[in-house]
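Engineer: coordinates for the following, if possible.
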Amino acid sequence: MNRRPHRVLGLLLLLLLALPAGARAQSEFLLGGSWSPGVPTGDLADFTGEASWRGVAFDLRMFRGPRTTLGLRVGWTVFDDEESGTRELPGENATITGTAFAYANVYPVHLTGHLYTGSLSETRLAVGLGLGVYPMTRRLEVSTFRVDETTWHPGGYPEIALLVPLRSVTLHLSAKFHYGFGLSDDPSVSWVGLDVGLFDL
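Structural biologist: Now for the predicted structure:
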């Protein structure tokens, strides 16, 4: 696909924000935003080895019972690194030597499901699963030379979370392991992600 991932992400985010407008007053939905740092693993760590502190995500969840939700999650995480030496060019059968700046912008989009313990008014645990796609744009810059490659990776993540009620909002703390499969000769994309966020219930 040649669509720019951030445009797709923007359209999904607008949809996410618009959907709960008529129903949140009935406590049928959870809407939240999170800061989402991450530590790359596997092929992603080989390309950008540094931990990322630049990540955001937005969740919309709809209750399908007192302890079950189904939802949609969209996010954006940026990984980067600086390294001197010889690097392989993304998407090319070639290398380049010099001081290289590597960037990976990942735009996860997932359908989600969660199971919760306890009630809304108490601190509780949750386990979840996300299934979807990881569009990723990799960029390598050496001096005035730059090459970009965008790839799409089906995959998902398991999640464990702690929810702490704070008056009119809920503090949401979670850990995930993201994994997107590499298709054909594309690299895989994977990282350990942490979320610190607030939900509106």
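
Engineer: okay, now residue 158: neighbour count?
Structural biologist: Residue 158 sits with 13 neighbouring residues when counted by other CB atoms under 10 Å. Glycine gets a C-beta too; all of them are placed from N, C-alpha and C.

Engineer: let's see the pLDDT reported for residue 51.
Structural biologist: For residue 51, the pLDDT comes out at 94.

Engineer: list the contacts for it?
Structural biologist: 37-40 (CB atoms under 8 Å, 6 or more residues apart in numbering).

Engineer: report the buried members of the residues you listed.
Structural biologist: By the neighbour-count criterion of 16 or more other CB atoms under 10 Å, the contacts of residue 51 include these buried positions: 37-38, 40.

Engineer: follow-up on the earlier one: in strands only, show me the contacts of residue 51.
Structural biologist: Among the contacts of residue 51, the subset assigned to strands under DSSP state E consists of 38-40.

Engineer: mind putting those into TSV with distance to residue 127 and pLDDT?
Structural biologist: Rendered in TSV, the data for these read as follows (distance: CB to CB, whole Å; pLDDT from 0 to 100):
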residue	distance to residue 127	pLDDT
38	19	97
39	21	97
40	24	97
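
Engineer: picking up where we left off before, tell me the one among the contacts of residue 51 nearest to residue 120.
Structural biologist: Distance from residue 120 was checked for each of the contacts of residue 51 by CB to CB. The minimum falls on residue 37, at 27.3 Å.

Engineer: switch the buried ones among the contacts of residue 51 over to TSV; also include distance to residue 150.
Structural biologist: As requested, these are exported to TSV (distance: CB to CB, whole Å):
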residue	distance to residue 150
37	23
38	19
40	18
